[in-house]
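K.L.:
No letters, just coordinates:
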């Protein structure tokens, strides 16, 4: 059991660290967009590279947080029935539907690896502007994000199985668990 907990803790801590680091991308995005607006009003000409740079930063920001969100259990849920389930019933439901999650991730991992490999092998750049930034780092991050999400999905599946088997789950390693009758999060 110690090895599983150590694995879960390593994955959860990694996703938490990546999520915190990625949150600073919003600041970078803000600076890029603000500089574009300021230059548009000061020089009557926007910065030619800021739009593409903003798209690249936002693309990475949008995908890299998936594992972090799953570790915190912050993905959007339809709580019409699920929100009222007991902890065990939630675990059963999550285990029963996990094949959909892993099916999606197997396609995402396969396709993103192929895309990243192709992009890296050609050292792909964008021809959208004269700046010609490299695209391969952004495309590679799709695969990294999918791998982090898959690892966190495995951790969640292990936690659900442990709940089903009445084994105590260490929330510092496996992420927060919801109580039987209420959730800490607000439901709308």
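P.N.:
Yes, it's here. This structure is a prediction, so every number in the text was calculated from the model and none was measured.
K.L.:
Tell me the spacing between residue 62 and residue 29.
P.N.:
From residue 62 across to residue 29, the span is 11 Å (CB to CB, to the nearest Å). In this view, the C-beta of every residue, glycine as well, is placed from N, C-alpha and C.
K.L.:
neighbour-wise, which of these two wins?
P.N.:
Ranked by neighbour count (other CB atoms under 10 Å), residue 62 and residue 29 place residue 29 first, with 17 against 12.
K.L.:
Tell me if I'm right that the more buried one and residue 60 touch.
P.N.:
No: using CB atoms under 8 Å as the test, residue 29 is too far from residue 60 to be in contact (10.1 Å).
K.L.:
dump the residue contacts of the residue nearest to the spatial centre of the chain.
P.N.:
Geometric centre of the chain, nearest residue: residue 66, 1.5 Å, by CA atoms, centre = their mean. If you count contacts by CB atoms under 8 Å, 6 or more residues apart in numbering, residue 66 has them with 145, 146, 148, 149, 152.
K.L.:
okay, now the nearest residue to the first one once chain neighbours are set aside: neighbour count?
P.N.:
Once flanking residues are discounted, residue 145 sits nearest to residue 63: 4.2 Å by CB to CB, 6 or more residues apart in numbering. By the criterion of other CB under 10 Å, residue 63 has 20 neighbours.
K.L.:
pretty sure residue 63 is in contact with residue 142, am I right?
P.N.:
Yes: the criterion here is CB under 8 Å, and residue 63 meets it with residue 142 at 5.8 Å.
K.L.:
all helices for this protein, in order.
P.N.:
Taking DSSP state H as the criterion, the chain contains helices spanning 2-23, 25-43, 50-64, 66-72, 87-121, 136-164, 171-174.
K.L.:
Relative to residue 128, which of these is closest?
P.N.:
Closest approach to residue 128 among those (CB to CB): helix 50-64, 5.5 Å.
K.L.:
can you list the residues that contact the closest one?
P.N.:
Contact partners of helix 50-64, identified using CB under 8 Å, 6+ apart, comprise 18-19, 22, 25-26, 28-29, 32-33, 35-36, 39, 126, 128-129, 131, 133, 135, 138, 141-142, 144-146, 148.
K.L.:
That helix - what's its average pLDDT?
P.N.:
Confidence for helix 50-64, expressed as mean pLDDT, is 86.
K.L.:
got it, and stretch 106-114?
P.N.:
On average, stretch 106-114 scores 97.
K.L.:
Next, the residues that contact that stretch from outside, please.
P.N.:
Contact partners of stretch 106-114, identified using CB under 8 Å, 6+ apart, comprise 139, 142, 143, 146, 147, 150.
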